[in-house]
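Visitor: When you get a sec, could you give me coordinates for this:
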Amino acid sequence: MIPDEIINQILDKADIAEIVSGYIPLKRAGRNFRANCPFHHEKTPSFMVSPDKQIFHCFGCGVGGNVFGFVMKYERLEFPEAVELVANKVGVEIPKWQGADNTDRSEAVNIHSANEAAVQFYHYTLLKTDDAKEAVSYLKKRGIKEETIQKLKLGYAPAEWDSFLKFAKKKGFDLKMLERAGLALPKREGGFYDRFRHRVIFPIHNNKGKVVGFGARVLDETLPKYVNSPDTPVYNKGSNLYGLNLSGEQIRQKDLAIIVEGYLDFLTPFQSGVSNIVASLGTALTTEQIRLLKRFTKNITMVFDPDAAGESASLRGLDLAVSEGLNVKVVTLPAGFDPDKFVREEGVEKFLKHIDSALDFFDYKFKLLKARHKGIDVNSKARIAGEMLVTIAKVPNSIARSEYIKRLAVNLDVDLQALWDEIKKIKPDQQACLPTEAKLNICTEAAKAGLHSAEKMLLGLALDEPAGFVNEIRRHISQNPTGCGNDFNVLLEAVCDFWNKHKTVNIAKLINSLGNESHSKAMLDAYAAVQEIPDKNKCFKDCIKNLKQTEVKEKMKSLQHQIKIAQETETSEDSLRKLLNEYSSLMKQKVEV
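Guide: Purely as a prediction, here's the structure:
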């Protein structure tokens, strides 16, 4: 959507060290800067920023990229949004996109504008008008402080049928568009009326801070207790988490997300200092919400109501979270308490003690099932085992899965092999069968791209000092065309092309032009691999020698196969002698190399 020349212009103006330092403190380390990586926990700094190459790379977790890549990962933005943010920082104007999806894009912008106007209207009505006395009294009764009201922009929708619509009309909003935004409802006889009336308003922000919808609660106990925004082009209840825009950074820093059910269950602990908390906007977590949280942490603690509905929600949520590879714990509050009431009556310290003593998913579910299926007879054990194995089968890591099965065998006092036989009958869903991130991280990006170590080092040398190594590496490859893998040739060719055009290699621009995430990461991995090498000339010679040895070994292996076939098929003595002489010659080359 954004022209390449504009992207390059932004990259030319952006100083990655300056922009990254706006997010995390950097310390000079020779030509580069270092810091503790913001994307994983570490005590020794392994996060590098290179002003010369305009890239960043972490030697600990392997993440890397240009300034857009950093902003995307840190701010959790899509590429166009990251480009726009960096463009604003460096003063580059991006031309308005005109394309096939312009109508959809404009509608989303209009809905966001309408939502912002609604927030202003409801918030002003709550704080500045006499109509909201009952709502103010309700919030005070629930212990919600004024600073919390201000921070979360809580509001009040007046009881009249068209209070907001009158305000929106004056602001120039189209009524049909307000209906699509979920703020207005159509009348049978024609026209529209306000969706939210005589209710406390809770604006819902996405993780980027934009208002996408609203929750509205009655001021007494009449039903329905809540009226929520419908699905719109910018809002889906199952894809958002209430409060994540405020708590996301703390969730990442503490490496834990506390998940509660509703707005007040979030608000009361949050204003009491529980900063790593979100609400699920309902009773059960969805896969989309879990994947959203995975951007911030792999550890979650669920605190749902201690009733039948809350227990069911906990069980459904932990199954989904386990299948996504998260570490799941569950808190069971005393009967009659939800997080809101517990913090108000018992205090936040006791609430946090419950969080600290949360049960892992195995212990929580086993305890629940043991209470539900009373007795220790064979049928009870079979039912408990069957329900436990459904969840255990969703654990992606085979070692962890094996340990949970052993624990279950001990807890039920049943034969371990019998449990293995039973779990084989259970088919985990597709997501549960995907490899875990831990398994994927065993391989570097260079390995994923099909590079072995010598190729990776040569590519890194070409990127680090192109003037000294590009032509030498290319000359070797042209003389020994079978000596390197295809991925290496593709990546080296990209470096050479860039060098030929610009007489320099700007890695930030180069990886932007590749259009292949695996290749981009392989380049960054290769560049990072040579940063700590003191004698790069010796490294170059060693890599060339290694590639020659690899080439000779491959040829010898091929000849061995041909000789074997020749001997088995009684090929002529001349042909066999020729193969043996060639093999002998390669043996000498191997020694010389």
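Visitor: Please make it C-alpha for all contacts and neighbour counts, starting now.
Guide: OK.
Visitor: what's the nearest residue to the spatially most central residue of the chain if we skip its chain neighbours?
Guide: A centroid search over the chain (CA atoms, centre = their mean) returns Arg295, at 2.8 Å, as the residue closest to the centre. Spatial nearest neighbour of Arg295, excluding adjacent residues (CA to CA, 6 or more residues apart in numbering): Arg76 at 7.7 Å.
Visitor: likewise Val211?
Guide: Counting by CA to CA, 6+ apart, the residue nearest Val211 is His205, at 4.3 Å.
Visitor: name the helices or strands packed onto the longest helix along the chain?
Guide: The single longest helix within the chain, with elements called by DSSP state H, is helix 536-568. If contacts are counted by 3 or more CA pairs under 8 Å, 6 or more residues apart in numbering; DSSP states H and E, helix 536-568 sits against helix 453-464, helix 573-592.
Visitor: Find the least confident helix or strand in the protein, judged by mean pLDDT.
Guide: In the chain, no helix or strand scores lower on mean pLDDT, DSSP states H and E than helix 437-440, which sits at a mean of 28.
Visitor: Could you check how many residues crowd around Ser50?
Guide: A count of nearby residues for Ser50, using other CA atoms under 10 Å, gives 18.
Visitor: Which residue ranges of the stretch 1-150 of the chain form helices?
Guide: Under the criterion DSSP state H, counting those that start in this stretch, the stretch 1-150 of the chain contains helices at 4-13, 16-21, 67-75, 79-90, 102-128, 133-141, 146-152.
Visitor: can you list contacts of the shortest one?
Guide: Going back to what we said before, that points to helix 16-21. The contact list for helix 16-21 (CA atoms under 8 Å, 6 or more residues apart in numbering) reads 26, 33, 49-51, 54-55, 66-67, 70.
Visitor: Go again with 10 Å.
Guide: 22, 26-27, 32-35, 48-56, 66-68, 70-71, 74, 86, 89-90, 508 (CA atoms under 10 Å, 6 or more residues apart in numbering).
Visitor: Against Glu75, how distant is the residue nearest to the centre of the chain?
Guide: 10 Å (CA to CA, to the nearest Å).
Visitor: thinking again about what came up before, ok, and which of the helices of the stretch 1-150 of the chain has the densest surroundings?
Guide: Mean neighbours per residue, mean count of other CA atoms under 10 Å, is largest over the helices of the stretch 1-150 of the chain for helix 67-75, with a mean of 21.
Visitor: next one: that one to chain centre, how far?
Guide: Put simply, helix 67-75 sits 12 Å off its chain's centre (CA atoms, centre = their mean, to the nearest Å).
Visitor: quick one on the thing from earlier: please list all residues in contact with the residue nearest to Val211.
Guide: His205 neighbours (CA under 10 Å, 6+ apart): 152, 211-214, 235, 240-246.
Visitor: and if you look at Thr44?
Guide: 34-37, 60.
Visitor: quick one: which of the residues you listed is nearest Tyr404?
Guide: Checking these against Tyr404 by CA to CA gives Gly60 as the nearest, at 29.5 Å.
Visitor: Name the nearest residue to the closest one, ignoring sequence neighbours.
Guide: Using CA to CA, 6+ apart, the closest residue to Gly60 is Ser46 (5.8 Å).
Visitor: now do Ser272
Guide: Here the residue nearest Ser272, using CA to CA, 6+ apart, is Val348, at 6.5 Å.
Visitor: give me the number of residues near the residue nearest to Arg295?
Guide: Around Arg76 there are 17 residues (other CA under 10 Å).
Visitor: Surely it is in contact with Leu244?
Guide: No - under the criterion of CA atoms under 10 Å, Arg76 is not in contact with Leu244, lying 11.9 Å apart.
Visitor: Between these two, which contacts overlap?
Guide: Shared contacts of Arg76 and Leu244 (CA under 10 Å, 6+ apart): 207-208, 292, 296.
Visitor: Now the two most distant members of the residues you listed.
Guide: Counting by CA to CA, the most remote pair of the shared contacts of Arg76 and Leu244 is Lys208 and Phe296, 13.1 Å apart.
Visitor: more neighbours, those two?
Guide: Comparing Lys208 with Phe296 by neighbour count (other CA under 10 Å), the higher total belongs to Phe296, at 22 against 13.
Visitor: Low-confidence ranges, the stretch 401-550 of the chain, go.
Guide: For the stretch 401-550 of the chain, applying pLDDT under 70 flags the ranges 427-452, 477-486, 515, 532.
Visitor: what ranges do the helices span in it?
Guide: Using DSSP H, counting those that start in this stretch, helices in the stretch 401-550 of the chain cover 416-423, 430-433, 437-440, 445-448, 453-464, 466-479, 486-502, 507-514, 517-529, 536-568.
Visitor: Between those, which one is closest to Tyr263.
Guide: helix 430-433 (29.7 Å).
Visitor: from what I can see Gly243 touches Gln271, true?
Guide: No - Gly243 is beyond contact range of Gln271, at 11.6 Å (criterion: CA under 10 Å).
Visitor: What distance do you get for Phe270 to Pro339?
Guide: Where Pro339 is concerned, Phe270 sits at a distance of 11 Å (CA to CA).
Visitor: Pull up the overlap in contacts between these two.
Guide: In terms of CA under 10 Å, 6+ apart, Phe270 and Pro339 are both contacted by the residues 264, 348.
Visitor: so what's Tyr138 up against?
Guide: Counting by CA under 10 Å, 6+ apart, Tyr138 has contacts 132, 144, 200, 218-220.
Visitor: What is the lowest-pLDDT residue among those residues?
Guide: Among those, Asp220 carries the lowest pLDDT, at 84.
Visitor: Make sure I have this right: that one is in a helix.
Guide: No - read with DSSP: H, G, I helix; E, B strand; the rest coil, Asp220 is coil and lies in no helix.
Visitor: Measure how buried it is and give me the count.
Guide: Asp220 - counted by other CA under 10 Å - has 11 other residues nearby.
Visitor: Identify the residues contacting it.
Guide: 134-135, 138, 199.
Visitor: before we move on, back to that, of Gly243 and Gln271, who's got more company?
Guide: Taking other CA under 10 Å, Gly243 and Gln271 do not tie; Gly243 has more neighbours (25 against 17).
Visitor: ok, the more buried one to Lys225 distance?
Guide: 20 Å.
Visitor: now swap in Lys424 and tell me
Guide: 45 Å.
Visitor: wait, doesn't the residue nearest to Gly60 sit right on Gly64?
Guide: No - Ser46 is beyond contact range of Gly64, at 11.7 Å (criterion: CA under 10 Å).
Visitor: Asn36 and Glu42, how far apart?
Guide: For Asn36, the distance to Glu42 (CA to CA) stands at 6 Å.
Visitor: what do the two both touch?
Guide: Common neighbours of Asn36 and Glu42 (CA under 10 Å, 6+ apart) are Gly60.
Visitor: So which of the two has more stuff around it?
Guide: Shown here are Asn36 and Glu42; by other CA under 10 Å, Asn36 has more neighbours (20 against 14).
Visitor: How much space separates Asp4 from Lys521?
Guide: 20 Å.
Visitor: before we move on, the earlier item: residue contacts, the residue nearest to the centre of the chain?
Guide: 39, 73-74, 76, 248, 252.
Visitor: I'd like those as CSV, with distance to Leu359 and pLDDT appended.
Guide: Listed next are the contacts of Arg295 as CSV, based on distance: CA to CA, whole Å; pLDDT from 0 to 100:
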residue, distance to Leu359, pLDDT
Phe39, 27, 86
Lys73, 31, 86
Tyr74, 31, 85
Arg76, 30, 75
Gly248, 23, 91
Arg252, 21, 88
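Visitor: hang on, the earlier thing: ok, the residue nearest to Ser272 touching Ser275?
Guide: No - at 11.7 Å, Val348 does not count as touching Ser275 under the criterion of CA under 10 Å.
Visitor: what residues are shared contacts of these two?
Guide: Joint contacts of Val348 and Ser275 (CA under 10 Å, 6+ apart) are Pro269.
Visitor: so how many other residues sit close to Lys145?
Guide: 15.
Visitor: Val348 - how many residues pack around it?
Guide: Neighbours around Val348, by other CA under 10 Å: 21.
Visitor: ok, it - contacts?
Guide: Val348 neighbours (CA under 10 Å, 6+ apart): 268-274, 339-340, 342, 354.
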